[in-house]
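*Asks:* Got a sequence here, can you build the structure:
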Amino acid sequence: MLTAKPMRAAIAALLLVAVLAAGHSALWRWTSGQIERGFASWTAQRRAQGWIIEHGPTTRGGWPLAATLTVPALRVVANGHNLPEGLEWNAENLTLRVAAPRFDRLVVDFRGRQRVRLGEIEYPFATDRLEAFFPTEAGNTLREGEFVTERLRMNTPSGPLELRHGTLAFGTRTSATENEPALTVNLALEGLGLPEGVAAQPPLAAFGRLIENLSAEASVTGPLPGGRDPAARAEQWRDGGGTLEIRLVALQWGPVAGGANATLTLDERLQPMGTATLRLSGADQLIRALAEAGTLPPASAAAAATALLLLQRVPEAGGPPQVEVPMTLENSRLTVVRVPLARVGAIAWPPRRGPEFTPGEDPTLPPRR
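*Replies:* Numbers count the residues shown, from 1 in each chain. Here you go, the predicted structure:
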């Protein structure tokens, strides 16, 4: 039989457990409610911009380890606002989740079958994992995020596309000035299997269907102007000293491996121009493939091959010979060591439309009346 003192201790312990359980339950209800209200606010803002958003009844869950909101049969149709016209996304299930100890991070879990439509073409796909991570205090404007996918399989008009692993991270700064990064992007892909209809086309057929690794680090510097007119925004960005800085691109694709860095901007015709440095092994096979495909004229191919013999070096650590060459993009023409390599298709800017946003206004929101 318990004495008075042990009994009081047992009662105090039970009360403490009850208080902790009640607090945990209240925290779960508050967190799941915040997720639901945040999703409803995002949906209302997009619909106010003219988007079409449809979904089934949402369900709270995840207790006791997480707070979740499941959104079934989600359909999103983007209506302009800096996105391609006719862009539609369908998801069998979408789960929004916040879990301890990362209450500062919202996890978006894309589950089941997915389908993206761009114009008249549909791209159904499925993955073993597709998650996105965003800060919970992002507010109305998304400033940073990360996407992770594993074993993505997508059907395309040219055949199936496969990706073993991929990550995409981005960050933005609205207060960026000239020479400061306003947007940063980091991309890493492993085991990218191109569709057969694409991989079989010359000159790609010379390298095989599988891209072993592809990574890139890039930033857009200078203030990013708002507005409805893409051409006007591009012009303002260029005039404000805006540049695209590609700090690193690394590629391993069949016999070709290497990397590059570049600095690009827009010329007076709003077409890309700039310089780059290319470091490459297997460059001779690349030139041969371009020549056989007719992309590189025979005279240019011969001149490039001669230049390679003079420029390639064996790395100090060993391995196949590498070549480091300067590249220039000007007047829609790409040259390597002053040898014309290819013409770059011009950007077809859409016709000017709509009133402009006030400078500094968030371009993802409707214009003020």
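
*Asks:* mind listing the helices for this protein?
*Replies:* 4-48, 196-199, 230-239, 283-292, 298-311 (DSSP state H).

*Asks:* residue ranges with poor pLDDT in this protein?
*Replies:* Filtered on pLDDT under 70, the chain yields the residue ranges 1-25, 27-28, 80-85, 138-142, 352-369.

*Asks:* so what's the residue positioned nearest the centre of the chain bridging to?
*Replies:* For the chain, the residue sitting closest to the mean C-alpha position, by C-alpha atoms, centre = their mean, is Leu168 at 4.8 Å. Judged by DSSP bridges, the bridge partners of Leu168 are Phe147, Leu187.

*Asks:* Spit out the contact partners of it.
*Replies:* 146-147, 185-187 (C-beta atoms under 8 Å, 6 or more residues apart in numbering). In this view, the C-beta of every residue, glycine as well, is placed from N, C-alpha and C.

*Asks:* Of those residues, just say which sits nearest to Arg46.
*Replies:* For the contacts of Leu168, the closest approach to Arg46 (C-beta to C-beta) belongs to Phe147, at 19.0 Å.

*Asks:* pretty sure that closest one contacts Thr167?
*Replies:* Yes: counting by C-beta atoms under 8 Å, Phe147 touches Thr167, with 6.8 Å between them.

*Asks:* can you give me the strands in the stretch 251-369 of the chain?
*Replies:* 256-266, 272-281, 322-330, 333-336, 339-343 (DSSP state E, counting those that start in this stretch).

*Asks:* what's the burial count for Ser300?
*Replies:* 19 (other C-beta atoms under 10 Å).

*Asks:* Might you report the residue contacts of it?
*Replies:* 339-341 are the contacts of Ser300 under C-beta under 8 Å, 6+ apart.

*Asks:* Same question for Gly208.
*Replies:* 199, 253-254.

*Asks:* Mind putting those into JSON lines with neighbour count and distance to Gly222?
*Replies:* Below are the contacts of Gly208 laid out as JSON lines (neighbours: other C-beta atoms under 10 Å; distance: C-beta to C-beta, whole Å):
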{"residue": "Ala199", "neighbour count": "17", "distance to Gly222": "37"}
{"residue": "Trp253", "neighbour count": "20", "distance to Gly222": "32"}
{"residue": "Gly254", "neighbour count": "17", "distance to Gly222": "37"}
